[in-house]
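Chemist: the sequence and its predicted three-dimensional model are supplied below.
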Amino acid sequence: AGIALPAIATVSPAQAAFHIIKWSGNDVCQVWDESVPTKPWPDNYKAVSKPVATFDGAVAVKAHLMKKGVCKI
């Protein structure tokens, strides 16, 4: 039982990482939660930010990318 506890702690929501992804062809960006066990679909996107620890932080990064013109929405 003591071995399983650290494994659970390493995937806790508090440690989740978020990225801003940008869809090709329309410059729409969105926050993507890396703890989701699947990849975004369709796969015509790329990450345009470094990992961000919190959702609120990722939203702030997206707002900054919008001001710079990297993202339209």
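Modeler: Received, thanks. Numbers count the residues shown, from 1 in each chain.

Chemist: got the contact list for Pro42?
Modeler: Residues near Pro42 by Cβ atoms under 8 Å, 6 or more residues apart in numbering: none. To be clear about C-beta, it is placed using only N, CA and C from the backbone, and glycine gets the same treatment.

Chemist: what does Ser49 give?
Modeler: Counted by Cβ under 8 Å, 6+ apart, Ser49 has contacts His19, Ile20, Ala58, Val61, Lys62, Leu65.

Chemist: buried ones in the strand or helix carrying the third one, by neighbour count?
Modeler: In other words, Ala58. In this structure, Ala58 sits in helix 55-67 according to DSSP states H and E. Neighbour-count burial for helix 55-67, counted by 16 or more other Cβ atoms under 10 Å, picks out Ala58, Val61, Lys62, Leu65.

Chemist: in space, what's closest to the third one - neighbours in sequence excluded?
Modeler: By that I understand Lys62. Ile20 (5.1 Å; Cβ to Cβ, 6 or more residues apart in numbering).

Chemist: quick one: the closest residue to Lys50 other than its chain neighbours and Lys72, what's the gap?
Modeler: Closest residue to Lys50 apart from its sequence neighbours, by Cβ to Cβ, 6+ apart: His19 at 7.8 Å. To Lys72, His19 is 18 Å away according to Cβ to Cβ, to the nearest Å.

Chemist: quick one: which of the two has more around it?
Modeler: Per other Cβ atoms under 10 Å, whichever of His19 and Lys72 has more neighbours is His19, with 21 against 11.

Chemist: so where do the helices sit in this structure?
Modeler: Ranges of helices in the chain, per DSSP state H, are 4-10, 55-67.

Chemist: in terms of mean pLDDT, which of those helices ranks lowest?
Modeler: The minimum mean pLDDT among the helices of the chain belongs to helix 4-10 (a mean of 38).

Chemist: from the contact counts, what lies against the helix holding Ala58?
Modeler: strand 18-23, strand 29-33 (3 or more Cβ pairs under 8 Å, 6 or more residues apart in numbering; DSSP states H and E).
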